[in-house]
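Student: predicted model and sequence follow; I will ask about them next.
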Amino acid sequence: MKLRADVCILGSGVAGGVVAQELLDAGVSDVLMVEAGSAVVMRDTRTWYDVFTAGLNPFAAHTYEQADYDNAGRTPIHLKGRHIRARGGSTLAWAGLSYRLKPEDFRLASNTGQGLDWPITYAELEPYYGLSESTLQVAGEASDPGHPPRNGPFPLPAFPAQEIESVFIQAMRDLGFSTQHACWARNSRSIHGMSECLRTGTCEYCPVGGRFTGDQLIARLAERPGFRLLTDTLGLKLQFSSRERAASAELVQRATGERHSVDAASYVICAGGVESPKLLLASTSRWWPNGVGNQSGRLGRGLTDHVYQKCTGRSSAPNRGRLANQLWFHTTSSRHFDDVGTQAAGKFLLTPEYEFPPLVERMSEGLRTRHIVRELEDECLHAVQFQLEQHPSEENFIELGRERDSIGLPRTVIHHTLTRQAESAAQRARTICETILAKMGCTEMAWNQTRLSNHVSGTCRMSGSPESGVVDADLKVHGAQNLHVCSSAVFPSIGAVNPTVTIVALAHRLGRHLGRQLAPRGAP
Amino acid sequence: MTRRDALLALLSGGAVLGAISSALRGGNPVAKTIGSAASRPRLLLLGSEVGSLSEHERQLLWQVAVATGALWSMSELSESELRGFLDLKTQKPPSYLAEYRNALRLFAAGGHDHATPQAVEAVLRHPPGRRAEHARQFVIAEFIALHLARGGFHEFGLTRFRGFMGEGYRVSEVQPGTPR
């Protein structure tokens, strides 16, 4: 079947949703969105019960399977359980941390001699960060130390720090390290008709929509004329009518195998850090024999991710007040080591973390109240976690596998090995975390395994020239006139913080840019 | 939407009887970590068999829930919420229908017309065989989680617990900021 649209957006995550919203706001009258996954029922009571009484992952059927990807490097990135392929994208299951990058993050090469500068500055992106925080309903405190320059408050007030974090905050003060209220895309107050966060501690599946998830945005778009969404539909390839012009997108409906072709004036790939480069790599033609935008050989390369690790220590003071993590999320963080002075070595974000009282497990073993209370009082564990920037490396990349994955897309082959810079920065971060825990009165410190945050970035990076990247400062694929990419794939570097608020800022910027180009004259 | 509206909407029939997530369709859940790994059942019994419990079975399961709560002096869970919980767990896949009937047969085999705290404790401490392991994991442990979420955590001196919807939380006396 032949379909037509003004703009075809591939991917229904928050980036695609924001681009679509901006296009419709600008007066573009026909936006077609394509999503490989299905719709997930959110705010469903049975699912919620299964989360907190049975410990189930509500998105288990909507994520990658182990057989969908291979890790060919020494430090594997596990897509299973973390990347969601469903209507609304991975923010269905995200934590919601929403920190802006800092001005120096846009100048990694200039400041450190490593990686690549962004072809835009923080100042250029700042107004769009404001829009992004509004879209994501971010709660934060603008007067806290550690924020980059900003024009205005957060849309929602920060969650006050909870009692158990006083030990961390005090230790940080004593050491001369600044702290700030955590910035969460969680509703510290009711907003957009959605409930306030009810602090249920079941954030992986909020029963009331108390934090931003991508489905909320798609639901609002679905009510607007001019917006269409095809779910369960794979984007296989882009066809070009000349080297500069994408002519159609080849789609296949998963259930029926029916083929579709979309003719659009413009195409926007919003398929995340993994699938965006894969679609470009799969779109070979006589004009683009190695994949679209791959004249430099850099498509899929420059892959990076955040590295995180947690250290737990046993407090020497008994926990007579039975303090525990009341919210099941932290309310304090520190960007003290996320500054220009630490950029060359590797910036990192610090957060206090806590083990949760394993009440259900203890009670299911038949232990009575006095035993459990004694354990709660005796066992006071504190933890500090770092998340650090790994500078991009050309040796880390994504490529297409030969076979198809479980939903019919090419399998993913990930080549990722932790860089020396990241290993060295992690060692420094470990020393600092242990210093903080010692100041908190903790001993018997134990580290969990180093992990990756699954903020896969850099695989279609922005650059000022086709020789050094895949897309330009406007996110247009170098050499193509009507093809853009918007996701963490375009980040030349990732800083120390979670990427979503920056992805959404770029989506607002791209949507407005395209809206000006594509909307009929006289449109609002 | 106010906090009260949200809570009422969530616990009302409309939300409760809404379509179950397709995430759960067709698959049996993996158990959470209770008991030793070797003894832990991983799949529901006959999870695809949906249906309704009889009124008598619901009453007996309410007695199991009451007896479970009594072991730790937890009594905030209401019969109406448990009934809604049981309906949701049995009328859509993966269904707990066979799990609940298995648990009731277990207590009946032990000579209990209705579950007592002692009978529940015996299952928890010395689960004799696969049937009891299933009852412990898929029935009693989940009832415990439900009790805790409805306020049972107060018995342990905690301020909140997973699944609890309530006002506020205890705030730190010292708030984040620049070191002095």
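Tutor: Right, received. Where do you want to start?
Student: so what's B:P127 scoring on pLDDT?
Tutor: Note for B:P127: predicted pLDDT of 69.
Student: give me the phi and psi for the residue of chain A found nearest chain B.
Tutor: For chain A and chain B, the shortest gap (C-beta to the nearest C-beta) falls at A:G55, measuring 3.0 Å. C-betas here are computed from N, CA, C, even on glycine. The phi/psi pair for A:G55 (degrees, to the nearest 10) reads phi 70, psi 30.
Student: ok, the lengthiest helix in chain B near chain A or not?
Tutor: Counting by DSSP state H, the longest helix found in chain B is helix B:55-70. No. Taking C-beta under 8 Å from any C-beta of the partner chain as the criterion, helix B:55-70 and chain A are apart, separated by no less than 8.8 Å.
Student: helices and strands around that helix, which ones?
Tutor: Contacts defined by 3 or more C-beta pairs under 8 Å, 6 or more residues apart in numbering or on different chains; DSSP states H and E place helix B:55-70 against helix B:79-91, helix B:97-109, helix B:117-125, helix B:141-149.
Student: report the buried residues of it.
Tutor: The neighbour-count check on helix B:55-70 (16 or more other C-beta atoms under 10 Å in any protein chain shown) flags B:57-58, B:60-70 as buried.
Student: hmm, back to that, just the helices and strands packed on helix B:55-70: most buried one?
Tutor: helix B:141-149 (a mean of 26; mean count of other C-beta atoms under 10 Å in any protein chain shown).
Student: residues contacting that one, please?
Tutor: Contact partners of helix B:141-149, identified using C-beta atoms under 8 Å, 6 or more residues apart in numbering or on different chains, comprise A:49, A:52-54, A:359-360, A:363-364, B:32, B:34, B:64-65, B:68-69, B:72, B:74, B:76-77, B:81-82, B:85, B:152, B:161-164.
Student: can you rerun that using 7 Å?
Tutor: With C-beta atoms under 7 Å, 6 or more residues apart in numbering or on different chains as the test, helix B:141-149 has contacts from A:52-54, A:359-360, A:363-364, B:34, B:64-65, B:68-69, B:74, B:77, B:85, B:161-164.
Student: distance of A:D50 relative to A:R374?
Tutor: Per C-beta to C-beta, to the nearest Å, A:D50 is found 31 Å from A:R374.
Student: how about B:A70: what's its closest non-neighbour residue?
Tutor: Leaving aside its chain neighbours, B:A70 sits nearest to B:P117 (4.6 Å; criterion: C-beta to C-beta, 6 or more residues apart in numbering or on different chains).
Student: and what of B:E173?
Tutor: A:S166 (6.0 Å).
Student: likewise A:L388?
Tutor: Residue nearest to A:L388 in three dimensions, not counting chain neighbours: A:F348, with 3.7 Å by C-beta to C-beta, 6+ apart.
Student: just how off-centre is the worst-scoring helix or strand of chain A on mean pLDDT within its chain?
Tutor: Lowest on mean pLDDT, DSSP states H and E among the helices and strands of chain A sits helix A:369-378, with a mean of 89. Distance, stretch centre to chain centre, for helix A:369-378: 38 Å (C-alpha atoms, centre = their mean, to the nearest Å).
Student: what does stretch A:366-382 give?
Tutor: 36 Å.
Student: do the same with stretch A:73-82
Tutor: With C-alpha atoms, centre = their mean, you get 15 Å for stretch A:73-82.
Student: and it, does that touch chain B?
Tutor: No. Stretch A:73-82 lies apart from chain B when judged by C-beta under 7 Å from any C-beta of the partner chain; the minimum separation is 11.7 Å.
Student: in that stretch, what's buried?
Tutor: Of all the residues in stretch A:73-82, those buried under the rule 16+ other C-beta under 10 Å are A:73, A:75, A:77, A:79, A:82.
Student: stretch A:441-450 too?
Tutor: Buried-residue list, stretch A:441-450, by 16+ other C-beta under 10 Å: A:442, A:445, A:450.
Student: what's the burial count for the closest residue to A:G115 other than its chain neighbours?
Tutor: Closest residue to A:G115 apart from its sequence neighbours, by C-beta to C-beta, 6+ apart: A:L108 at 4.4 Å. Look at A:L108: counted by other C-beta atoms under 10 Å in any protein chain shown, it has 23 neighbours.
Student: spit out the contact partners of A:L108.
Tutor: A:114-117, A:343, A:391, A:493.
Student: highest neighbour count among those residues?
Tutor: Ranking these using other C-beta under 10 Å puts A:S493 first, with 26 neighbours.
Student: next, A:Q427: phi, psi?
Tutor: Residue torsions, per degrees, to the nearest 10, at A:Q427 are phi -60, psi -40.
Student: that one: neighbour count?
Tutor: 11.
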